[in-house]
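S.K.: show me how the following folds:
(chains A, B, C and D)
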There are 2 protein chains.
Amino acid sequence: MATLADVARRAGVSPATASRVINGSSKPVADELRERVLRAVAELRYVPNAHAQLLARPQRSVVGVVVHDVSDPYFAEVTRGLQRVATDRGRLVIICNSYRDPERELEYVEMLRGQQVAAIVLAGSGYHDVDFTTRLTEKLAAYEATGGRVAVVGRHEHPGDAVMPANDLGGRLLGEELLRQGHRQIGVIAGPRVLTTITDRLTGLRAALSDAGVPLPEEHLRYADFDRDGGARAAATLLDACPGLTALVALNDSMAVGALALLRQRGVRVPEQVSVVGFDDMPVAADVTPALTTVRLPLVELGARAMTLALDPSAGLSRVEVLPATLVRRESLGPAPR
Amino acid sequence: MATLADVARRAGVSPATASRVINGSSKPVADELRERVLRAVAELRYVPNAHAQLLARPQRSVVGVVVHDVSDPYFAEVTRGLQRVATDRGRLVIICNSYRDPERELEYVEMLRGQQVAAIVLAGSGYHDVDFTTRLTEKLAAYEATGGRVAVVGRHEHPGDAVMPANDLGGRLLGEELLRQGHRQIGVIAGPRVLTTITDRLTGLRAALSDAGVPLPEEHLRYADFDRDGGARAAATLLDACPGLTALVALNDSMAVGALALLRQRGVRVPEQVSVVGFDDMPVAADVTPALTTVRLPLVELGARAMTLALDPSAGLSRVEVLPATLVRRESLGPAPR
DNA sequence: ACGCTTCAGGTAAGCGCTTTCCTGGGCAGC
DNA sequence: GCTGCCCAGGAAAGCGCTTACCTGAAGCGT
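M.R.: Numbers count the residues shown, from 1 in each chain, chains lettered A, B, ... in the order given. Okay, the predicted model is just below:
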């Protein structure tokens, strides 16, 4: 690998001069020398060593992102927003998948710190785990103490800049719509109980129901993996245990799609016999049959705002932005059969 | 940010000793000193500067990946395979989205070179653009000349290690199945004509049709954006121009889903009036209605193999692996109406 | 008791770059 | 014609780390 010294030697100038022309320094360099340096760069196919540059000129420019899984459509969307803003500002992004493993999340924060990233964005639900939360907060604090910036999306337990989807409001909207359609026997297909996102969505849903005096007994609730298959399995056990349900609330669209698949397989008609609603409004929601009634979260915007918070120095106090949830009515929710 | 020198000072040892205990060097260190160093590390929340480490011990450990767009389900899957292998081997991955912009692709290769990555994986269709291809090859050669490893997925124009999905075979499978079902008036919804992937798939399809003496006139072909909306638009113009078509071949599943949406909107029944087939077998393919008949590509495997090639030093000659395409029969393809 | 080896720990060079500070030649001013 | 200034270009320090090499004390044999 050619170094700056090689370039300088070949151009017959000092490394200082070579560096200056390569970086477009403000210091003037005679045209002839500049010409020679540029020629040497091309001939040697010289590319500056980014690490050496970072050491010499500690100008942090890359930002780290920790998500649960980029290939999950939810995070794919959030990441798109994150990337857009980062790219617009000329920042390189390092994406890390925690696969919902708290330990790995901690490791990545450490690693990103070692990479001297300018900012860390943590996207994805927090965990109901005091020990983990404490350790994470501790690590982030250490990072921030040395000038690092942190922004989170969807984690109210972090004491700093945050962008929050209105998960509880979304749950409430769903509950209200279900009631409006006459449903009283409602089953819930929830994701892992350890995720705060689940708790939040559930809280909103519960609030809507209890405001109307409709109970949500514990046996109407199933916790499963936060994906399509988890949704299908939970729907199966739920329906077996409580045959009287007229509606299924899945706490994300992937699970809802799984539930839909199971119902189709069992020959249960949606929404005539059982209604299904989802959450997130993933691109797929409009394309399944029946099209999913769901709650839309501005995912790309969530990512974009988070990156903006991470890159714009905070004024000191922590900024929390809540992005709205809106109900999207399609065909999977109908009036309750009697 | 605490440095190694800070740690050493606080522990009352030399930087060398501190470095040795932190990195678990083979050189023995007295327990008491080791203890003191570890305590200092904890107290100062010291994390080694990865860039300085890289400079001092030029051990390339991260690998760069350039994809068109991670949030596209196709690349989400490929990336998952890529990541799995990389993580298993303790490699960090830098993901770059080119958004199908050749210029950006070139820039990223340059950037990754500067980052001293151990390997570069280029995933995603190549371009029919001689100038671009030349420049890319040139840059990759420069990188490889300095010990960098390169692997590509889905680009036969790169003269090195490559993993190829059997795009042409997939096209052929689709064509044959269509013929078997009696279709003769076939429309094709293609992605951007500049992508080699499109050409390959088209070639296979054409071969199957021409083997059977069935023509594929140019006006039955539409090039559009390689996504859902592009598929919907192309389906619309195609149907308007050629009302006699009995089947639509979309060159990826996203476009197929778009076509399905358009047909539903126009009240055209699938597959009774018009059949639709896709390509890739994205997760969504099974959940749309009617479920998509499509060609499955082992996407995760594609990524995993590519990363393996990239990390295992090549024996010199270039390795090319072709991964098979298989037909997945579902409901969107039926017999041709007469 | 002396010289040797052994080995824990320290010293310092060097990774590739940026940038401050210095140098020396050219020029204007008197 | 000499002094002083300006400025292009170079020398060198230093970013944070690793590691080859050195040092000095302890331990051994004779």
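S.K.: is the host helix or strand of A:T133 in proximity to DNA strand D?
M.R.: With secondary structure defined by DSSP states H and E, A:T133 is part of helix A:130-145. No: for helix A:130-145, no contact with DNA strand D is found by CB under 7 Å from any atom of the strand; the gap never falls below 14.0 Å. To be clear about C-beta, it is placed using only N, CA and C from the backbone, and glycine gets the same treatment.
S.K.: could you do stretch A:10-18 as well?
M.R.: Yes: counting by CB under 7 Å from any atom of the strand, DNA strand D has neighbours in stretch A:10-18: A:V13, A:S14, A:P15, A:A16, A:T17.
S.K.: distance between the ends of that stretch?
M.R.: With CA to CA, to the nearest Å as the measure, stretch A:10-18 spans 10 Å from end to end.
S.K.: that stretch near chain B at all?
M.R.: No: figure legend: stretch A:10-18 not in contact with chain B (CB under 8 Å from any CB of the partner chain); closest approach 15.7 Å.
S.K.: and stretch A:164-184, which residues are buried?
M.R.: Buried residues in stretch A:164-184, counted by 16 or more other CB atoms under 10 Å in any protein chain shown: A:164-179, A:181, A:183-184.
S.K.: swap in stretch A:61-79?
M.R.: By 16+ other CB under 10 Å, the buried positions in stretch A:61-79 come out as A:62-79.
S.K.: next step: those residues restricted to strands.
M.R.: The strands, defined by DSSP state E, take in A:V63, A:G64, A:V65, A:V66, A:V67 from those.
S.K.: export those residues to CSV and append columns for pLDDT.
M.R.: Below are these laid out as CSV (pLDDT from 0 to 100):
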residue, pLDDT
A:V63, 93
A:G64, 94
A:V65, 95
A:V66, 95
A:V67, 94
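S.K.: is it possible to get TSV of the residues you listed that adds distance to A:D281?
M.R.: As requested, these are exported to TSV (distance: CB to CB, whole Å):
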residue	distance to A:D281
A:V63	27
A:G64	28
A:V65	22
A:V66	24
A:V67	18
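S.K.: how much space between the closest residue to A:R228 other than its chain neighbours and A:V67?
M.R.: In this structure, A:R228 finds its nearest non-sequential neighbour in A:G258, 4.0 Å apart by CB to CB, 6 or more residues apart in numbering or on different chains. A:G258 sits 22 Å away from A:V67, going by CB to CB, to the nearest Å.
S.K.: what's the answer for A:L92, then?
M.R.: Taking CB to CB, one finds A:L92 at 16 Å from A:V67.
S.K.: okay, strands next: where are they in chain A?
M.R.: Counting by DSSP E, the strands of chain A are A:63-67, A:93-97, A:119-123, A:149-153, A:161-165, A:186-190, A:221-223, A:247-250, A:275-277, A:294-296, A:320-323, A:326-328.
S.K.: and the helices in chain A, which stretches?
M.R.: Secondary structure of chain A (DSSP state H): helices at A:4-11, A:15-23, A:31-44, A:50-56, A:73-88, A:102-114, A:130-145, A:167-180, A:196-211, A:228-241, A:253-266, A:299-311.
S.K.: where does the stretch 101-250 of chain A dip in pLDDT?
M.R.: Scanning the stretch 101-250 of chain A for pLDDT under 70 picks out nothing.
S.K.: what residues does it have near chain B?
M.R.: So far as CB under 8 Å from any CB goes, the stretch 101-250 of chain A lies against chain B at A:E110, A:M111, A:R113, A:G114, A:Q115, A:Q116, A:K139, A:A142, A:A145, A:T146, A:G147, A:R228.
S.K.: just the buried residues of those.
M.R.: Using 16+ other CB under 10 Å, the buried ones in those are A:M111, A:R113, A:G114, A:Q115, A:Q116, A:K139, A:A142, A:R228.
S.K.: as CSV, those residues with distance to B:A123 would be great.
M.R.: CSV is the format used below for those (distance: CB to CB, whole Å):
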residue, distance to B:A123
A:M111, 23
A:R113, 29
A:G114, 27
A:Q115, 23
A:Q116, 28
A:K139, 32
A:A142, 36
A:R228, 24
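S.K.: now flag whichever of these is closest to DNA strand C.
M.R.: DNA strand C has its nearest neighbour among those in A:Q116, at 13.1 Å by CB to the nearest atom of the strand.
S.K.: excluding its backbone neighbours, what's nearest that closest one?
M.R.: Closest residue to A:Q116 apart from its sequence neighbours, by CB to CB, 6+ apart: A:R60 at 5.4 Å.
S.K.: and the gap between the one you found and A:A123?
M.R.: Distance of A:R60 to A:A123, given as CB to CB: 20 Å.
S.K.: so for the two, which residue has more residues nearby?
M.R.: Set side by side, A:R60 and A:A123 show more neighbours around A:A123, with 28 against 15, by other CB atoms under 10 Å in any protein chain shown.
S.K.: now that one: how far from A:P192?
M.R.: Counting by CB to CB, the gap from A:A123 to A:P192 is 17 Å.
S.K.: thinking again about what came up before, ok, now which ones touch the residue nearest to A:Q116?
M.R.: A:L54, A:Q116, A:V117, A:A118 (CB atoms under 8 Å, 6 or more residues apart in numbering or on different chains).
S.K.: what score does it have for pLDDT?
M.R.: Looking at A:R60, its pLDDT is 84.
S.K.: ok, A:R338 next?
M.R.: 79.
S.K.: give me the buried positions along stretch A:224-238.
M.R.: A:224-228, A:230-236, A:238.
S.K.: now, which of those sits nearest B:A2?
M.R.: Proximity of the buried residues of stretch A:224-238 to B:A2 (CB to CB) peaks at A:F226, which lies at 38.2 Å.
S.K.: chain neighbours aside, what residue packs nearest to A:A86?
M.R.: Nearest non-adjacent residue to A:A86, counting by CB to CB, 6+ apart: A:V93, 4.8 Å away.
S.K.: for the one you found, give the beta-bridge partners.
M.R.: A:V93 has these beta-bridge partners by DSSP bridges: A:V63.
S.K.: in this structure it contacts A:V65, no?
M.R.: Yes: with contact defined as CB atoms under 8 Å, A:V93 counts as touching A:V65 (5.7 Å).
S.K.: now do the shared contacts for those two.
M.R.: What both A:V93 and A:V65 touch, as defined by CB under 8 Å, 6+ apart, is the set A:L82.
S.K.: now the residue nearest the centre of chain A: how far from DNA strand C?
M.R.: With distances taken as CA atoms, centre = their mean, the residue of chain A nearest its centroid is A:A123 (3.9 Å). Distance check for A:A123 against DNA strand C: by CB to the nearest atom of the strand, to the nearest Å, it reads 32 Å.
S.K.: contacting residues for that residue?
M.R.: Contacts of A:A123 by CB under 8 Å, 6+ apart are A:65-68, A:75, A:78-79, A:82, A:152-154, A:302-303, A:306.
S.K.: from the residues you listed, pick the one nearest DNA strand C.
M.R.: Nearest member of the contacts of A:A123 to DNA strand C, counting by CB to the nearest atom of the strand, is A:V65, at 25.9 Å.
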